[in-house]
Each structure stands twice: as C-alpha cells, then as structure tokens.
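Student: Fold the following, please.
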Amino acid sequence: MGVGVLAVMAAMSLTAYEQIVARADFSSVLGNLVTSLRQTRSEAAGRGVATAFIVDTQNNRWWGVEAPTGWSLAAFDPANPGTVIANDTFPTGSGKAVFGPPTGYGAVLPAPFATVPVMTGNPTYPFCSFCDRGTGMGAIIFQPTGATSFAGSLPTGNAVGQQFTVQSPTDGRTVLLAIIGRTGLVEVFDQ
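Tutor: Numbers count the residues shown, from 1 in each chain. Predicted coordinates:
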C-alpha cells in the first residue's frame, strides 16, 4: 500500500513539474517576442530608417528588419529578409506557444488601447487584427519619428492601433501585444 501511495505522489509531482516547465518555456518565448518587437521599434530611431516587425501566424515566426523607402510586405521574402534586427520561431511540439487563439483576446482593453480591435467580429484574424487572411502575415512599420503604420489586411476605419495575441496551448494563457499607431507605443496584456 505504501508503494502505491508513493507511485501516485510521484506521478502527481511529475505532472506538476511538467506544468511548471511548460509555463517557464512559454514565458521565455513570450519574452523573446516582446523584446524583438521593442528592439525593432527602438532601432527605427537609432538607425534613422523605418523598421518593420513582421509576424507569420501560419508558421509561428517573426522578423524585425530594416524597412527603407519602398519596402513592402508583399515583396518581403522570408528566405531573404534583408537587414535583420531580430527573428525567431516558436519552438515546435505539443503545448508550445502559438499565435492565437482563433477567438482572439476576447476582452476590451483599457484606455488608451480601448480602440484597438480585440473582439471577434470583423477583423481578418481575431488574434492578429492586421494580418492577411491568405498568407497569415502582417507587419508593423515603425518610423524614426515614432509614427507607426500596419501592413497586411486592416479592419476598415481603424488606424488608431492594432494587435496580435500569443497563446500557451498547455494552460490556455493568452497574451495580447497592442500597438498604438500614432506613437508606436507597445503594451502587453496578459490573461
């Protein structure tokens, strides 16, 4: 009987340990994504040239690149991205981070982010309000002046700001990254 209790306790400990590791892995990937986004934004001012942060929601990857005059998302080639500031891919496998969930963040954001589209309804992707439906790609373009624009497929009449979300399939944790167009302000909201 004592051996059975020990076996149950060991199994419970292993499950708890795996959940802790999964949360830590998600936090690490999320930290890298947020750092890459903020670095891409700051490099626009530092380099004196526009930069673009590109998300590929279908392949769970991203890039921060220089976006000089004439740069476009339509011409962006992942195999030859240009001058790279940052890039990465979410680790693959069960329970790893992904762009999503398909239903989006599902909660209105506080001011000044309240006008950023987050609810299901009409965004092309509820979890990426500026990404193109066909390619799953979208770009946030930071100008050296601080102004920001978006490329992909935008909801009509909403240039105030945009967003994308990342989800941990292990525990359903959803994190939204919101960007204000006028200033390029980036904020992270965690559910």
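
Student: Could you confirm E187 falls within a strand?
Tutor: Yes - counting by DSSP: H, G, I helix; E, B strand; the rest coil, E187 falls inside a strand.

Student: Any idea how many residues pack against it?
Tutor: Residues near E187, counting by other Cβ atoms under 10 Å, number 16. In this view, the C-beta of every residue, glycine as well, is placed from N, C-alpha and C.

Student: That one and F113 touch, don't they?
Tutor: Yes - using Cβ atoms under 8 Å, E187 makes contact with F113 at a distance of 6.2 Å.

Student: Could you name every residue contacting both of the two?
Tutor: A178 (Cβ atoms under 8 Å, 6 or more residues apart in numbering).

Student: Low-confidence regions, this structure specifically.
Tutor: 1-24, 93-95, 119-126, 155-159 (pLDDT under 70).

Student: and with 90 instead?
Tutor: 1-31, 90-134, 152-161, 168-173, 181-185, 190-191 (pLDDT under 90).

Student: got the residue ranges for the strands in it?
Tutor: 51-56, 61-66, 84-89, 98-99, 137-142, 148-151, 161-167, 174-180, 186-190 (DSSP state E).

Student: Mind exporting the C-alpha coordinates of the third one to CSV?
Tutor: Same thing as strand 84-89. The C-alpha coordinates for strand 84-89 follow below in CSV (Å, rounded to 0.1, in the frame of the first residue of the first chain):
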residue,chain,number,x,y,z
VAL,A,84,17.6,41.6,-39.9
ILE,A,85,17.3,43.2,-36.5
ALA,A,86,15.7,40.2,-34.8
ASN,A,87,14.0,37.0,-35.8
ASP,A,88,12.8,33.7,-34.2
THR,A,89,10.3,30.9,-34.5
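
Student: what is the orientation angle of it with strand 61-66?
Tutor: Counting by axes from the mean of the first three to the mean of the last three Cα atoms, to 10 degrees, strand 84-89 lies at 180 degrees to strand 61-66.

Student: Do a quick rundown of the helices in this structure.
Tutor: Under the criterion DSSP state H, helices of the chain are mapped to 2-47.

Student: quick one: buried residues of stretch 25-39?
Tutor: Along stretch 25-39, these residues count as buried under the neighbour rule (16 or more other Cβ atoms under 10 Å): D25, F26, V29, L30, L33, S36, L37, R38.

Student: Distance check, the fourth one against I85.
Tutor: Here L30 is placed at a distance of 18 Å from I85 (Cβ to Cβ, to the nearest Å).
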